[in-house]
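Colleague: need a structure here:
(2 chains)
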Amino acid sequence: MSEHKVTVCVNGNDMSGHAEARLTLVDFLRDVLGLTGTHIGCEHGVCGACSVIMDGKPVRSCLMYAVQAEGHDVTTVEGLEADDGTMSPLQDAFWENHALQCGYCTPGMLIAGHALLSSNLSPTDEEIRHAIGGNLCRCTGYQQIVEAVRMAAEKIRGETS
Amino acid sequence: MKAAPFDYRRATSIDDACRALSEGGDEARLIAGGQTLVPLMAMRLARPTLLIDINGIAEMSGIAIDGDHLVIGAGTRQSDALGSEIVQRHLPLLTEALSHVGHDQTRNRGTIGGSLANADPAAELPLIAQLLEADMIARSVESTRTIAASFFFESAMATALAPNECLTEIRFPLWREQKTGYGFHEVSIRDSDFALAAAAVQLTLDDKGACTRLHIAIGGASPAPMRLGEVESALLGTNLEDRTLHAETARLATLVDPQGDIHADASYRRRVARVMTERALQSARDRAMESNP
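Modeller: Down below sits the predicted model:
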């Protein structure tokens, strides 16, 4: 089996490590780079817990191998916070709306919500539901997640404080 | 849920990929978006010993009109095709079908060619390729050949591609008649899931509203997407009135023989296939009537 030196720009910093060809990007992020915010759920592309932003678009990090991310930009849930470590409006809204219970799906939901709000600051509930359609919440707390994304959009638009 | 060990190499061109594939032997596989192959490897249903990565080969992706065809590079991301104005303008049926393919996270990696080459019986893109009689362009070290969709989709997850061939391009014929309309309907458990049954229709009407050209295909209810030639023949020349559509789509009861599974049994799929076909015909007819010369 081949082994590769992989360098990925994660949350704005070039980070390198060695990866066997079969190491998935999510395992690389967690086990090699120590960024355990991204969760591993089903490991075969169904649950969305491992979602990250790659080159500006949300993807599943369990459905690509680390070596394939060589030279790409990746944003993980750790990269959503502000530079001073305060939570993003979306993360705040999750906290305010009790949009997480066990927390397993949360990083993926935040990434999906973040991707939506990056291109659409006035999403309808249907658009929000569509955006998180690839993410499973095993606590089934979808309603609060939709409310949180809606509130985050309002906050960013400056309609609520 | 970890893949078995394998070697990895990045191909720099289609020629390079074909060479690697032919030298790599029977257990070499191409990987594009990986949205089907990586799960299969995680479950060890696939155990390639060599993965040849064709992501990043510029000549593999692109969307263009070439005469009477919409030509899409096999490596084109599904999300790029979904957002393409060229596709929307020339083949809106494909845009609509793509909106049902997975979700953002999978469409951002998944490719047009990857979905076709994997040939899931319930996938939307093979259904559209079968419906429109698309041509698949396949390359190997020895040759380049064109495979008609009707030969390409052999069975569930099985295509006419040889182990040493790379699907490089898909050519969708464009219908230039004025009064052309399309319809696409599917039922799935969740929005982004594979269809329990899906139907796609493209048709043309003459000035009096009679149907002069008609393709109907269904997916999810047979091992490979299937054209419904018998229903097409019965409806050609008619005005496609609702009662005619209802009566003729009843033929699906004997034409399709779906497999049942945990999500839906065979009789349900058969009924859904019929209803989806009827609705797709209605949508296509209504769109064709609205399209003003």
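
Colleague: chain B contacts on chain A?
Modeller: Within chain A, the positions lying close to chain B (CB under 8 Å from any CB of the partner chain) are A:1-2, A:4, A:20-22, A:24, A:42-45, A:48, A:51, A:54, A:57-60, A:62-65, A:67-68, A:112, A:115, A:130-131, A:133-134. (Glycine included, C-beta is placed from N, CA and C.)

Colleague: can you turn the buried part of the residues you listed into a ChimeraX selection?
Modeller: To isolate the buried members of those in ChimeraX, using 16 or more other CB atoms under 10 Å in any protein chain shown:
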select /A:4,20,21,22,24,42,43,44,45,48,51,54,57,58,59,60,62,63,64,65,67,68,112,115,130,131,133,134
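
Colleague: just the residues of chain A next to chain B: which are in helices?
Modeller: Judged by DSSP state H, the residues of chain A next to chain B include A:Ala112, A:Ala115, A:His130, A:Ala131 as members of helices.

Colleague: let me know the secondary structure of the closest residue to the third one other than its chain neighbours.
Modeller: Which is A:His130. Take A:His130 and drop its neighbours on the chain: the residue closest to it by CB to CB, 6 or more residues apart in numbering or on different chains is B:Asp191, 6.9 Å away. The three-state label given to B:Asp191 by DSSP: H, G, I helix; E, B strand; the rest coil is coil.

Colleague: B:Asp191 touches B:His103, doesn't it?
Modeller: Yes - the criterion here is CB atoms under 8 Å, and B:Asp191 meets it with B:His103 at 7.5 Å.

Colleague: for these two, list the residues in contact with both.
Modeller: Here B:Asp191 and B:His103 share the contacting residues A:His130, A:Gly133, scored by CB atoms under 8 Å, 6 or more residues apart in numbering or on different chains.

Colleague: so the two - more neighbours on which side?
Modeller: B:His103 (24 against 13; other CB atoms under 10 Å in any protein chain shown).

Colleague: run through the residues that contact the nearest residue to that one once chain neighbours are set aside.
Modeller: Nearest residue to B:His103 in three dimensions, chain neighbours excluded: A:Gly134, at 3.6 Å (CB to CB, 6+ apart). Going by CB under 8 Å, 6+ apart, A:Gly134 touches A:Gly48, A:Ser51, A:Arg60, A:Ala112, B:Gly102, B:His103, B:Asp104, B:Gln105, B:Thr106, B:Ser192.

Colleague: quick one: the strands in chain A?
Modeller: A:3-10, A:13-20, A:51-54, A:57-60, A:73-75 (DSSP state E).

Colleague: export these to a markdown table and tack on mean pLDDT?
Modeller: Converted to a markdown table, those look like this (pLDDT from 0 to 100):
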| stretch | mean pLDDT |
| --- | --- |
| strand A:3-10 | 98 |
| strand A:13-20 | 98 |
| strand A:51-54 | 98 |
| strand A:57-60 | 97 |
| strand A:73-75 | 98 |
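
Colleague: got CSV for those, with distance to B:Ala81 too?
Modeller: Listed next are the strands of chain A as CSV, based on distance: least, CB to CB, whole Å:
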stretch, distance to B:Ala81
strand A:3-10, 26
strand A:13-20, 30
strand A:51-54, 18
strand A:57-60, 14
strand A:73-75, 23
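
Colleague: can you tell which of those strands is closest to B:Pro126?
Modeller: Among those, strand A:57-60 comes nearest to B:Pro126, with 22.0 Å by CB to CB.

Colleague: now do the phi/psi pair for the residue nearest to B:His103.
Modeller: With angles defined as degrees, to the nearest 10, A:Gly134 sits at phi -100, psi 10.

Colleague: show me where the stretch 151-293 of chain B has strands.
Modeller: For the stretch 151-293 of chain B, the strands defined by DSSP state E, counting those that start in this stretch occupy B:153-155, B:158-159, B:166-173, B:180-187, B:197-205, B:211-219, B:226-227.

Colleague: out of these, which comes closest to chain A?
Modeller: Shortest distance between chain A and those, using CB to the nearest CB, is found for strand B:180-187: 14.9 Å.

Colleague: the closest one pairs with which strands?
Modeller: Note on strand B:180-187: by DSSP bridges, its sheet partners are strand B:197-205 (antiparallel).

Colleague: angle of the partner strand against strand B:211-219?
Modeller: The directions of strand B:197-205 and strand B:211-219 differ by 170 degrees, with axes from the mean of the first three to the mean of the last three CA atoms, to 10 degrees as the criterion.

Colleague: quick one: strand B:197-205 to strand B:166-173, angle?
Modeller: Going by the same axes, to 10 degrees, strand B:197-205 makes 40 degrees with strand B:166-173.

Colleague: buried residues in strand B:197-205, which are they?
Modeller: Per 16+ other CB under 10 Å, strand B:197-205 contains these buried residues: B:Ala197, B:Ala198, B:Ala199, B:Ala200, B:Val201, B:Gln202, B:Leu203, B:Thr204, B:Leu205.
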